[in-house]
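Trainee: what shape does this take:
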Amino acid sequence: MSESATRADDWLDAVAWDAKGLVAAIAQERGTGKVLMMAWMNREALRLTSESGHAVYWSRSRERLWHKGESSGHQQVVHDIRLDCDGDVVLLEVEQRGGIACHTGRHSCFYRALDEDGGWRAVEPVLKDPDAIYSKG
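Mentor: Below you'll find the predicted structure:
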């Protein structure tokens, strides 16, 4: 790696990567401030997100980079990247293309609320059937 490339990536050293080289990333909707989802990023995902302006995450289940919207078409355009005071959480201010951030077909992954009886209830509707979003057809 060239010296200029190393210096260009120095900003990534401020992140408190966990033992697996990951950091939590929160996607927050630009304009509303609504939290859409939480995912994980490794160094490469954060660097690519910064360079491309589109959210790239690390999929722990697939063990590979995951470009948000690669199979659903529901991309996240990143307008701002922030790091919390401890350096262990990244906040992405995003424009959610297609209005669906969650693989369940909802606008946000945080669609369940704890009710008075101690149960979880859905407080956001399904906007599109997940089978239609992720069909191979």
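Trainee: SS state for the spatially closest residue to Tyr57 that is not a sequence neighbour?
Mentor: Nearest residue to Tyr57, sequence neighbours excluded (Cβ to Cβ, 6 or more residues apart in numbering): Ala39, at 4.1 Å. Yep, even glycine has a C-beta here, placed from its N, CA and C like the rest. Under the three-state scheme (DSSP: H, G, I helix; E, B strand; the rest coil), Ala39 adopts strand.
Trainee: I figured Ala39 hits Val56, correct?
Mentor: No - taking Cβ atoms under 8 Å as the definition, Ala39 is not a contact partner of Val56, at 9.7 Å.
Trainee: overlap of the contact sets of these two?
Mentor: Counting by Cβ atoms under 8 Å, 6 or more residues apart in numbering, the contacts common to Ala39 and Val56 are 66, 68.
Trainee: show residues contacting the helix of greatest length in the chain.
Mentor: In the chain, assigned by DSSP state H, the helix with the most residues is helix 43-52. With Cβ under 8 Å, 6+ apart as the test, helix 43-52 has contacts from 9, 12, 15, 17, 21, 23, 25, 41, 55-58, 65-66, 78, 81, 90, 92.
Trainee: confidence score at the spatially most distant residue from the centre of the chain?
Mentor: The C-alpha centroid of the chain is most remote from Asp117, which lies 31.1 Å away (Cα atoms, centre = their mean). Note for Asp117: predicted pLDDT of 95.
Trainee: if we can go back for a sec, quick check: bridge partners of the residue nearest to Tyr57?
Mentor: Ala25 (DSSP bridges).
Trainee: number of nearby residues for it?
Mentor: 24 (other Cβ atoms under 10 Å).
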